[in-house]
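A.B. asks: Give me the fold of what follows.
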Amino acid sequence: MRWESDAPAAIAAELDQSRALERFLLDVERRAYRIARIAVRSDDDALDIVQDAMLQLARRYGARSSEEWRPLFFRILQNRIRDCLRRRKVRAKLLAWLPSSHDDREASDPYEHVADEAPLPTQNLATDQAMQRLEVALRELPPRQQEAFMLRNFEGLDVAQTAQAMRCSEGSVKTHYSRAVHTLRARLDDVWGETA
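C.D. replies: Numbering: from 1, shown residues only. Down below sits the predicted model:
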């Protein structure tokens, strides 16, 4: 008889955990996609990476407390990004030995086709140009600096959460982040000199 009275409470707790996980994933989905797209420069690959990271979090860590989800999710996301980049390197090395019969056209920049909702066209243009320069500058950063910068700024993770997501010490996070900020300031001073 006691089991019957505990069952509804357990089901309700599991349902609450499931809803909390769904809210978390909805909250991070767009920013995670942006991080992945900047890192891998492909809409399709970025979408696959984010979906895979979300599934892995739900399957493996969905039962953990919600405070653990953010660093775990971004660790999974960064691992999927690294996997994608590794596969590309291997594929490029293999294809380099084959005769060039494939189409070498570059993928278009995804931002070229995205409508901006800013009120004035001149503001849109200035913002688009600044964001394009930021994305180019971010792509040129070493991977660990890029990762630290995006997790700290795009996701708002603190140093400890970033260290957990990157699987490194807090001192390493601070070093990577500081170097990224200094490099970006030097490259983008004319665009965001007042805010950097």
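A.B. asks: give me phi/psi at Ser65?
C.D. replies: phi -70, psi 150 (degrees, to the nearest 10).
A.B. asks: Sorry, slip of the keys, the one I care about is Pro142.
C.D. replies: Per-residue torsions, Pro142: phi -60, psi 150 (degrees, to the nearest 10).
A.B. asks: need the next SSE after the longest helix anywhere in the chain, C-terminal direction.
C.D. replies: For the chain, the helix reaching the highest residue count under DSSP state H is reported as helix 2-40. Note on helix 2-40: by DSSP states H and E, the next helix or strand toward the C-terminus is helix 43-61.
A.B. asks: between that following helix and helix 2-40, how many degrees?
C.D. replies: Between the axis of helix 43-61 and that of helix 2-40 there is an angle of 150 degrees, by axes from the mean of the first three to the mean of the last three C-alpha atoms, to 10 degrees.
A.B. asks: could we number from 20 for the rest of this?
C.D. replies: Let's use 20 as the start, then, which means that last one is helix 62-80.
A.B. asks: And the protein, what are its domain boundaries?
C.D. replies: Taking automatic domain parsing as the reference, the chain has its domains at 28-116, 137-210.
A.B. asks: For the helix or strand of the chain with the lowest mean pLDDT, which helices and strands make contact with it?
C.D. replies: Each helix and strand of the chain was given a mean pLDDT (mean pLDDT, DSSP states H and E); the minimum falls on helix 140-159 at a mean of 78. Contact analysis of helix 140-159 by 3 or more C-beta pairs under 8 Å, 6 or more residues apart in numbering; DSSP states H and E lists helix 21-59, helix 162-172, helix 189-211 as its packing neighbours. Where you see a C-beta, it was placed from the backbone N, CA and C, and this is true even at glycine.
A.B. asks: deepest of the ones you listed, which one?
C.D. replies: With neighbours defined as mean count of other C-beta atoms under 10 Å, the helices and strands packed on helix 140-159 peak in mean count at helix 162-172, which reaches a mean of 21.
A.B. asks: Please enumerate residues in contact with it?
C.D. replies: Counting by C-beta atoms under 8 Å, 6 or more residues apart in numbering, helix 162-172 makes contact with 54, 57-58, 93, 97, 101, 104, 157-158, 160, 176, 178, 180-181, 184-185, 187, 191-192, 195-196, 198-200, 202-203, all of which sit outside it.
A.B. asks: ok so, going back, so for the longest helix of the chain, what's the average pLDDT?
C.D. replies: The average pLDDT for helix 21-59 rounds to 85.
A.B. asks: Which neighbouring elements make contact with it?
C.D. replies: Using 3+ C-beta pairs under 8 Å, 6+ apart, helix 21-59 is in contact with helix 62-80, helix 85-115, helix 140-159, helix 162-172.
A.B. asks: at 6 Å instead, please
C.D. replies: Contacts defined by 3 or more C-beta pairs under 6 Å, 6 or more residues apart in numbering; DSSP states H and E place helix 21-59 against helix 62-80, helix 85-115.
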